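**Q** how would this look folded up:
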Amino acid sequence: MFRTMRRALRRARLHIPVRPLTARAAHLPPTARDALGEHVSAEEAITFNRGRVATASAVALYRGGLQLPLSDAFLDNVVRALGFPYSRPSRETRAAIRAALAVLEADPTITR
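**A** Coordinates of the predicted model:
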């Protein structure tokens with residue numbers, strides 16, 4: 001009985017279940033230089049590399065059961081946590097991740 005009374009007097013706690021991102025990073029396709037050749041422009045290389053990171057991140061999020069909307073900070077942490085070399089989260093990368101994740105969520109033929 002004493003335990004029951006102590007529980008009633010404790011401050012309420014907010015329990016937030018946290019599930020770690022267990023899906024590992026998808027294998028990345030070759031870099032822009034390897035895929036498009038050495039004469040690729042800087043803009044093309046940046047866009048290609050951003051797309052490959054965004055797509056792999058979206059696949060990992062989708063496999064992990066996460067859905068939109070996701071905060072900017074969360075997406076930044078995903079890009080960092082998946083350990084893509086030379087990846088720096090940016091507005092464009094976050095937008096590309098959200099777009100790829102929306103496509104995965106919208107297509108009923110794609111399964112987790």
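
**Q** What does the pLDDT read for residue 103?
**A** Per-residue confidence (pLDDT) for residue 103: 90.

**Q** helix or strand right after the longest helix belonging to the chain?
**A** Longest helix in the chain by number of residues (criterion: DSSP state H): helix 42-63. Heading C-terminal from helix 42-63, the first helix or strand you meet, by DSSP states H and E, is helix 72-81.

**Q** starting at the chain centroid, how far to that following helix?
**A** Here the centre of mass of C-alpha atoms in helix 72-81, compared against the chain's by CA atoms, centre = their mean, to the nearest Å, lies 6 Å away.

**Q** So which elements touch that helix?
**A** Here helix 72-81 is seen to pack against helix 42-63, helix 91-106 when contacts are counted using 3 or more CB pairs under 8 Å, 6 or more residues apart in numbering; DSSP states H and E. No exception for glycine: its C-beta is placed from N, CA and C like everyone else's.

**Q** which residues does residue 103 contact?
**A** Contact criterion CB atoms under 8 Å, 6 or more residues apart in numbering gives residue 58 as the residues in contact with residue 103.

**Q** Distance check, it against residue 68.
**A** With distances taken as CB to CB, to the nearest Å, residue 103 is found 11 Å from residue 68.

**Q** Any regions of this structure where pLDDT drops low?
**A** 1-29, 85-86, 112 (pLDDT under 70).

**Q** starting at the chain centroid, how far to stretch 79-89?
**A** On CA atoms, centre = their mean, the centre of stretch 79-89 falls 10 Å from that of its chain.

**Q** how about it: buried residues?
**A** Using 16 or more other CB atoms under 10 Å as the burial criterion, the residues of stretch 79-89 that qualify are 79, 82, 84, 87, 89.
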